[in-house]
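Chemist: Just need the structure, nothing else, for what follows:
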Amino acid sequence: MKAFAALYHELDASTSNLAKQAALQRYLREADPADAAWAVYFLAGGKPRQLVPVKLLRLLAQEAAGLPEWLFDESYDAVGDLAETIALLLPPPTDAHDMGLAEWVEQHLLPLRDAAKKTPDELPGRLRAQWRQLAPEERLVYFKLITGAFRVGVSKLQVTQALAAVGGIDAKRVAQRLMGYTHIGGRPQADDYQALIAPESGTEQEQKTSGQPYPFFLAHPFNLPLEQFDAVLGPPSDWIVEWKWDGIRAQLVTRAGTVWVWSRGEELVTERFPELAELGKALPDGTVLDGEIVVWREGRVQPFAELQKRIGRKTLGAKLLRDIPVVLLAYDILEWEGRDLRALPQSERRVLLDELVGRMDHPLLLPSPMLAGPDWTELARQREAARAMGVEGMMLKRRNAQYGVGRTKDVGVWWKWKIEPLSIDAVLIYAQRGHGRRASLFSDYTFAVWDGPPGQQDRRLVPFAKAYSGLTDAEMARVDAIIRKTTVESFGPVKSVKPTLVFELGFEGIARSTRHKSGIAVRFPRMLRWREDKPVEEADTLQTLAALLPE
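Modeler: The predicted structure is shown next:
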């Protein structure tokens with residue numbers, strides 16, 4: 001535990017990628033394999049669900065520190081992070097331990113969840129006994145893990161590179177082995193870690209019988225003016241052009257008579273889409289397809305909000321499967337008859353994919369249509385229909401491109417040419433302090449629109465979205481100063497402010513929602529600009545917002 005805590009603080013304190021890489025490799029070379037298994041799990045994005053109620057943690061920490069509630073809350077507001085606040089306020093440890101990360105996690109952390117359910121009266125004593133054994137530098141990591149908020153300034157790519165260096169193997173192979181590692185039941189073992197860094201077998205039999213997907217290849221955004229397309233991209237004939245679908249990116253893996261469906265977030269979602277599991281059984285063994293899971297009805301894709309209705313359900317009944325049918329819009333084939341096809345040019349992989357889809361003739365497997373035009377101007381004209389079709393724009397894939405790993409530095413292989421976001425002018429009505437370097441600033445905002453046109457009596461502001469990105473540091477400092485001067489009321493960490501600020505909000509999608517007071521939900525809202533030129537009375541209305549809903 002001490003070594004992992006030291007690694008955490010070294011990574012957190014450094015801005016140098018070389019220094020972080022050196023620290024990762026040093027830890028992995030020296031750590032016990034069982035400890036390294038858990039370290040990779042956490043650093044690659046795995047995290048246990050919240051183990052202990054946050055309310056209980058706050059209460060116990062407040063009591064241990066001997067602080068009144070208001071002073072604890074002020075400390076939390078100033079620090080901006082609950083785990084760090086508690087770690088700083090607790091009295092010095094009175095005991096010590098010599099356990100490694102794996103032993104600490106498996107014998108102390110994970111049992112807390114069962115204790116919280118079965119023996120809640122004993123939980124406070126167990127927590128106090130645990131943090132009395134932890135040195136101050138270990139406590140931050142401990143509380144980060146307990147609250148499910150563990151993250152540190154290191155990317156999964158950096159972890160992959162460190163593992164490749166330690167094992168002396170190709171980073172691409174490690175990336176593939178690492179896929180799904182954070183979803184192996186939440187209890188990685190020493191053998192799991194050893195498998196990550198094991199020498200390559202040549203034929204890599206490990207892949208032929210496993211459900212391991214390939215690392216997803218990601219695109220870079222393309223936002224240049226149309227008149228620069230020819231100079232930067234060349235002619236459209238050099239590219240495969242497709243719609244950018246608004247669904248769940250997924251790989252359908254069929255090997256050894258078993259089917260797995262993986263999302264881009266490395267989550268195994270086979271049980272969420274049983275009809276696609278059945279589709280996988282119809283595919284030839286040793287096939288991996290890359291595509292988009294979308295709700296498909298009446299010959300066209302449906303809004304993402306429809307797909308969310310399925311994602312949020314714990315059980316999938318026959319009626320839900322019938323009312324919200326999904327398909328896989330396939331746009332790549334990564335494996336065929338157990339052979340890795342990623343080194344083939346994009347155009348050759350597309351030919352193989354189209355041949356397979358044609359032979360299958362399966363209603364749940366559709367090819368992502370390829371678009372064509374004599375020039376970029378014509379393709380731009382076709383792109384204007386994207387919003388009406390429920391898609392986000394176009395994907396541009398160079399015909400001679402291989403299928404890479406992640407968002408490769410070799411830009412220009414895959415581009416996403418998205419349409420401009422929807423936008424609305426909204427009023428800031430609530431604010432909350434941020435986290436990390438923004439812990440001292442009010443940077444998280446709630447926005448509202450009017451429920452009636454200008455001049456209507458008794459009209460009021462109705463909240464509809466939250467956003468925290470889009471402003472420069474200088475703008476945020478100015479907004480923070482205004483919020484402090486115009487605060488009307490406090491609701492814990494949330495401040496109600498006098499409506500004086502108008503912002504243009506951009507968002508990718510919009511849908512009806514019974515869970516929101518406004519009756520409308522938007523996707524990925526962010527601040528496009530501060531409308532200092534616009535009076536609050538002229539901000540947009542619910543009617544304006546509703547007019548953006550797809551027909």
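Chemist: after the lowest-mean-pLDDT helix or strand in the chain, next one along is what?
Modeler: Least confident helix or strand, the chain: helix 205-208 with a mean of 56, by mean pLDDT, DSSP states H and E. Where DSSP states H and E defines the elements, the next helix or strand beyond helix 205-208 is strand 220-221.
Chemist: Next SSE downstream of that following strand?
Modeler: Past strand 220-221, the next helix or strand by DSSP H and E is helix 229-233.
Chemist: Return the set of buried residues in that following helix.
Modeler: Phe229, Leu233 (16 or more other Cβ atoms under 10 Å). For every residue, glycine as well, the C-beta is placed using N, CA and C.
Chemist: For it, list the C-alpha coordinates in PDB.
Modeler: Coordinates of each C-alpha in helix 229-233 appear next as PDB, following Å, rounded to 0.1, in the frame of the first residue of the first chain:
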ATOM      1  CA  PHE A 229     -10.300  20.500 -47.800                       C
ATOM      2  CA  ASP A 230      -8.600  19.800 -51.100                       C
ATOM      3  CA  ALA A 231      -5.300  21.200 -49.900                       C
ATOM      4  CA  VAL A 232      -5.300  19.200 -46.600                       C
ATOM      5  CA  LEU A 233      -7.300  16.000 -47.600                       C
END
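Chemist: ok, and what's touching that helix?
Modeler: Leu224, Trp239, Trp376, Leu396, Gly412, Trp415 (Cβ atoms under 8 Å, 6 or more residues apart in numbering).
Chemist: Who does the second one form a beta bridge with?
Modeler: In this entry, Trp239 is beta-bridged to Arg398, by DSSP bridges.
Chemist: What's the local residue count around it?
Modeler: Counted by other Cβ atoms under 10 Å, the residues lying close to Trp239 total 24.
Chemist: roughly how far apart are it and Pro369?
Modeler: Trp239 sits 15 Å away from Pro369, going by Cβ to Cβ, to the nearest Å.
Chemist: what's the most distant pair in the contacts of helix 229-233?
Modeler: Trp376 and Gly412 (15.1 Å; Cβ to Cβ).
Chemist: So between these two, which is more surrounded?
Modeler: Trp376 (22 against 13).
Chemist: any idea of the pLDDT on Lys409?
Modeler: At Lys409, the pLDDT value in this model is 57.
Chemist: Pro53 too?
Modeler: For Pro53, the predicted pLDDT is 87.
Chemist: element containing the closest residue in space to it that isn't next to it in sequence, please.
Modeler: Ranked by Cβ to Cβ, 6 or more residues apart in numbering and with sequence neighbours excluded, the top spatial neighbour of Pro53 is Ala116, at 6.8 Å. Taking DSSP H and E as the criterion, the element that holds Ala116 is helix 111-118.
Chemist: Quick check: next helix or strand after that helix?
Modeler: From helix 111-118, the next helix or strand downstream (DSSP H and E) is helix 123-133.
Chemist: Please name every helix or strand in contact with that following helix.
Modeler: helix 54-65, helix 111-118, helix 136-146 (3 or more Cβ pairs under 8 Å, 6 or more residues apart in numbering; DSSP states H and E).
Chemist: Mind listing residues that contact the second one?
Modeler: The one in question is helix 111-118. Pro48, Arg49, Leu51, Val52, Pro53, Glu122, Leu123, Arg126, Leu127, Ile146.
Chemist: which residue ranges form the strands in the stretch 201-350 of the chain?
Modeler: Remark: strands assigned in the stretch 201-350 of the chain by DSSP state E, counting those that start in this stretch are 220-221, 239-243, 248-255, 258-263, 287-297, 300-301, 326-336, 339-340.
Chemist: Please tabulate those in CSV, including the columns mean pLDDT and distance to Tyr403.
Modeler: Shown next, in CSV, are these (pLDDT from 0 to 100; distance: least, Cβ to Cβ, whole Å):
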stretch, mean pLDDT, distance to Tyr403
strand 220-221, 90, 15
strand 239-243, 97, 12
strand 248-255, 95, 11
strand 258-263, 92, 15
strand 287-297, 96, 8
strand 300-301, 92, 24
strand 326-336, 97, 6
strand 339-340, 94, 9
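Chemist: Make a markdown table out of those and add distance to Lys534.
Modeler: Shown next, in a markdown table, are the strands of the stretch 201-350 of the chain (distance: least, Cβ to Cβ, whole Å):
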| stretch | distance to Lys534 |
| --- | --- |
| strand 220-221 | 28 |
| strand 239-243 | 35 |
| strand 248-255 | 37 |
| strand 258-263 | 40 |
| strand 287-297 | 37 |
| strand 300-301 | 35 |
| strand 326-336 | 41 |
| strand 339-340 | 55 |
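Chemist: Ok, which of those strands comes nearest Ala34?
Modeler: With Cβ to Cβ as the measure, strand 258-263 is the member of those nearest Ala34 (26.2 Å).
Chemist: So, low pLDDT: which residues of the protein?
Modeler: Applying pLDDT under 70 to the chain picks out residues 184-186, 201-209, 407-412, 436-437, 551.
Chemist: Would you mind splitting it into its domains for me?
Modeler: Using automatic domain parsing, the domain parsing of the chain gives 2-146, 220-418, 422-546.
Chemist: Switch the ones you listed over to CSV; also include distance to Met179.
Modeler: Below are the domains of the chain laid out as CSV (distance: least, Cβ to Cβ, whole Å):
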stretch, distance to Met179
domain 2-146, 10
domain 220-418, 6
domain 422-546, 25
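Chemist: Minimum distance to Val159: which of the ones you listed has it?
Modeler: domain 2-146 (5.0 Å).
Chemist: Quick one: end-to-end distance for that closest one.
Modeler: 17 Å (Cα to Cα, to the nearest Å).
Chemist: Pull the number of nearby residues for Ser16.
Modeler: For Ser16, using other Cβ under 10 Å, the count is 9.
Chemist: so where do the helices sit in the stretch 251-400 of the chain?
Modeler: Listed in chain order, the helices of the stretch 251-400 of the chain (DSSP state H, counting those that start in this stretch) span 274-282, 304-311, 318-323, 346-360, 376-383, 386-389.
Chemist: Sorry, wrong one. I was asking about the stretch 451-551 of the chain.
Modeler: 473-486, 542-546.
Chemist: Weed out the non-buried ones from the contacts of helix 111-118.
Modeler: Pro48, Leu51, Val52, Leu123, Leu127, Ile146.
Chemist: so what's Arg310 up against?
Modeler: Arg272, Val295, Leu316, Leu320, Ile324, Val326.
Chemist: Also Leu88?
Modeler: Ser75, Val79 are the contacts of Leu88 under Cβ under 8 Å, 6+ apart.
Chemist: name the element it belongs to?
Modeler: Going by DSSP H and E, Leu88 is part of helix 82-89.
Chemist: And for the very next helix or strand once past that helix, what's in contact with it?
Modeler: Of the helices and strands lying after helix 82-89 in sequence (DSSP H and E), the nearest is helix 101-104. Applying Cβ under 8 Å, 6+ apart, the external contacts of helix 101-104 come out as Met1, Ala3, Phe4, Ala31, Asp32, Ala34, Asp35, Ala37, Trp38, Ala39, His97, Ala190.
Chemist: How much space separates the last one from Leu101?
Modeler: Just to be clear, that refers to Ala190. Taking Cβ to Cβ, one finds Ala190 at 12 Å from Leu101.
Chemist: In terms of neighbours, single out the busier of these two.
Modeler: Leu101 (26 against 15).
Chemist: So Lys416 lies in a strand, does it not?
Modeler: Yes. Counting by DSSP: H, G, I helix; E, B strand; the rest coil, Lys416 falls inside a strand.
Chemist: in the sheet, who's paired with it?
Modeler: Under the criterion used (DSSP bridges), Lys416 bridges to Pro221, Met395.
Chemist: Please name the residues that touch it.
Modeler: Counted by Cβ under 8 Å, 6+ apart, Lys416 has contacts Ala219, His220, Pro221, Phe222, Lys244, Glu392, Gly393, Met394, Met395, Leu396.
Chemist: isn't the first one right up against Gly406?
Modeler: No. Ala219 is not in contact with Gly406 according to Cβ atoms under 8 Å; the separation is 10.8 Å.
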